[in-house]
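Peer 1: Based on what follows, work out the 3D shape:
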Amino acid sequence: MTPQNVASRPKPMIAKPPLRLSSSRLLVEIIAPSTQQRGSRFDRAGFITQVTLDSEHTFCTTESADGTGGAGLCNEFGITTAVGFEAAPPGAQFVKPGVGLLTRPDEKPYAFWHNYPVQPFPVHVEHTADCAVFLTEPLDCRGYALRLSKTLQVRENQLRIHYSAENVGHSRISVDEYRHNFIALDDRGPGPGQQLRLPFTPEPERGFGGLQITGSTITWTQAPRRVFHGRLHGFKDCLNPWWELIDETAGIGMRESTSFPWSRFALYGTARLLSPEAFVQLDLEPGQRQQWQRDYLFFGL
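Peer 2: Down below sits the predicted model:
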């Protein structure tokens, strides 16, 4: 299945929770959009809560109870600025791609952690045993309208996520997208025995504490004592960016490779999870479409 032929089918099947995709080695669990009530932040289509390798090893966890509803491999559009927010007066709506039309309550700047009132976008789903296609239809908001399609497909120990975004409105749309990967390899957070490998030498914008950088590898001398988050620079000359996390104690690892140059790369973590975050920038004039892809590989050591 492809995003294009899903759009042409008049009566797509609505998946019932939970939606599971499987291959000879992987099981991927997904929350159906019709049942997902996770606030106004994360994309409601293709919200992955868990990945299991060989019926034994797990890779995902949930964010802390005081977080913003994140879990597993979930993505977000516009963490720093939502579409049309600045022009929306209090009481008016603006666009949060992948979520819906949100209502601006006051004059305060946009804050991704705030739970705004949501008029959700309709999401149509078609799936087979190893593939699911999510089509998020827009609701026009002062000329802003973004149609999104996301295809998830598993094959052996690989998960491929293909995106397509089409500006079907009358105003230019500029927004970024990233996956907030809430990772805990076999329920293990970052610490001794784990390595985050990169194809470049990372340059932190500030000290993270507890991190050690040796060449292109990040390690931990101890489990983090507090939340850490910041950007890592140094990837600008990397033509095919990727990151890889391995856990020698658990004997497993995972890698994300992307089809696009990163506009930003950040690292978020706590004592119980790690989230490498690769950003893609979308700049779409009316009528334009942009496609990009993320490939995940899950493996034993």
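
Peer 1: so how far is Phe279 from the nearest residue to Asp237 once chain neighbours are set aside?
Peer 2: Excluding the flanking residues, the one nearest Asp237 by CB to CB, 6 or more residues apart in numbering is Phe200, at 7.4 Å. (Glycine included, C-beta is placed from N, CA and C.) Separation of Phe200 from Phe279 (CB to CB, to the nearest Å) stands at 15 Å.

Peer 1: cool, Asp130 as well?
Peer 2: 28 Å.

Peer 1: Then Leu232?
Peer 2: 11 Å.

Peer 1: neighbour-wise, which of these two wins?
Peer 2: Leu232 (24 against 17; other CB atoms under 10 Å).

Peer 1: What is the host helix or strand of the more buried one packed up against?
Peer 2: According to DSSP states H and E, Leu232 maps onto strand 228-233. Packing partners of strand 228-233 (3 or more CB pairs under 8 Å, 6 or more residues apart in numbering; DSSP states H and E): strand 203-204, strand 264-269.

Peer 1: Of the ones you listed, flag the one that's most buried.
Peer 2: A comparison of the helices and strands packed on strand 228-233 by mean neighbour count, using mean count of other CB atoms under 10 Å, puts strand 264-269 on top with a mean of 20.

Peer 1: Identify the residues contacting the nearest residue to Arg155 once chain neighbours are set aside.
Peer 2: Once flanking residues are discounted, Arg155 sits nearest to Ser23: 5.5 Å by CB to CB, 6+ apart. For Ser23, the contact set (CB atoms under 8 Å, 6 or more residues apart in numbering) comprises 130, 154-158.

Peer 1: same deal with Glu63?
Peer 2: Per CB under 8 Å, 6+ apart, neighbours of Glu63: 69-71, 182, 273.

Peer 1: separation between Phe235 and Asn181?
Peer 2: 17 Å.

Peer 1: Comparing the two, which residue is more hemmed in?
Peer 2: Asn181 (26 against 20).

Peer 1: Bridging across strands, which residues link to that one?
Peer 2: In this entry, Asn181 is beta-bridged to Leu73, by DSSP bridges.

Peer 1: on that earlier part again, dump the helices and strands packed on strand 228-233 to JSON lines, plus distance to Glu256 and mean pLDDT.
Peer 2: Shown next, in JSON lines, are the helices and strands packed on strand 228-233 (distance: least, CB to CB, whole Å; pLDDT from 0 to 100):
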{"stretch": "strand 203-204", "distance to Glu256": "20", "mean pLDDT": "92"}
{"stretch": "strand 264-269", "distance to Glu256": "11", "mean pLDDT": "94"}
